[in-house]
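# I would like the atomic coordinates for the input below:
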Amino acid sequence: MTVVVDYDAGNLRSVETALHHLGEKHVISTDPAELIGATKIIFPGVGDGAHAMGVLRERGLDAAMVAAMEDHIPILGICVGCQIVFDRTEERDAECLGLVSGTARRFPSDSELKVPHIGWNQVRYSDDHWLFAGIRQQTSFYFVHSYYPSPDDEHDAIAWTEYGIQFAAAVERGSLVAVQFHPEKSGEAGLRLLRNFLDRERRTDRPARKDG
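The predicted structure is shown next:
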């Protein structure tokens, strides 16, 4: 069963609507045991990453996410659910899950661009990556964020977007993929990306995280 994690980070309804459209059986859960027993996990969210981490710890969902990663359960992080898979976020300098080495950084304040970054923007992805199968290069997806993923290892990035700077729009590590944009709000391309994730077979041939 696909489990959508509820950690008071919002945006559950639009994810649920997309899953209904795709005919995917799922539950929305706050129960750590359901995460560990899931076949797939979707980790969505909007809002404050530091607050989201506090809720995850309070409910024991932080340890469950780590355990799910170690058990190679496929995980999809979305927006805030992408940022807090890193070691830390610059949003109130909060410690995060540490599933991917790196930091969620705030867009530069000296830029003439508006922050938050809101709207449609093109995504360039690694050629032949399974998550973007059937999606044209430079397809536009919908973004709403003030912080962006900055992985320590550039090889963890699988897609990129330009907004004043180039930033990682999607990352992959072990059984985890995470996207800064909102596939559930990105029309047919977003639904195709979700379908690609849901059809992904569980793999056990890659470590959850590199040493060091």
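
# Which secondary structure state is assigned to the residue at minimal distance from the centre of the chain?
In the chain, the residue lying closest to the centroid (Cα atoms, centre = their mean) is Gly77, at 2.2 Å. Counting by DSSP: H, G, I helix; E, B strand; the rest coil, the backbone at Gly77 sits in strand.

# For beta bridges, what are the partners of it?
With DSSP bridges applied, Gly77 shows beta-bridge pairing to Phe43, Ala178.

# Phe143 versus that one, what's the distance?
Separation of Gly77 from Phe143 (Cβ to Cβ, to the nearest Å): 15 Å. Every residue, glycine included, has its C-beta placed from N, CA and C.

# One more: His117?
Remark: distance between His117 and Phe143 (Cβ to Cβ) = 5 Å.

# wait, what's in contact with the nearest residue to Phe181 once chain neighbours are set aside?
Nearest residue to Phe181, sequence neighbours excluded (Cβ to Cβ, 6 or more residues apart in numbering): Phe141, at 3.8 Å. Contacts were defined as Cβ atoms under 8 Å, 6 or more residues apart in numbering; by that measure Phe141 touches Trp120, Asn121, Val123, Ala169, Val179, Phe181, His182, Pro183, Ser186, Ala189, Gly190.

# what do you get if the cut-off is 6 Å, keeping everything else the same?
By Cβ atoms under 6 Å, 6 or more residues apart in numbering, the residues touching Phe141 are Val123, Phe181, Ser186.
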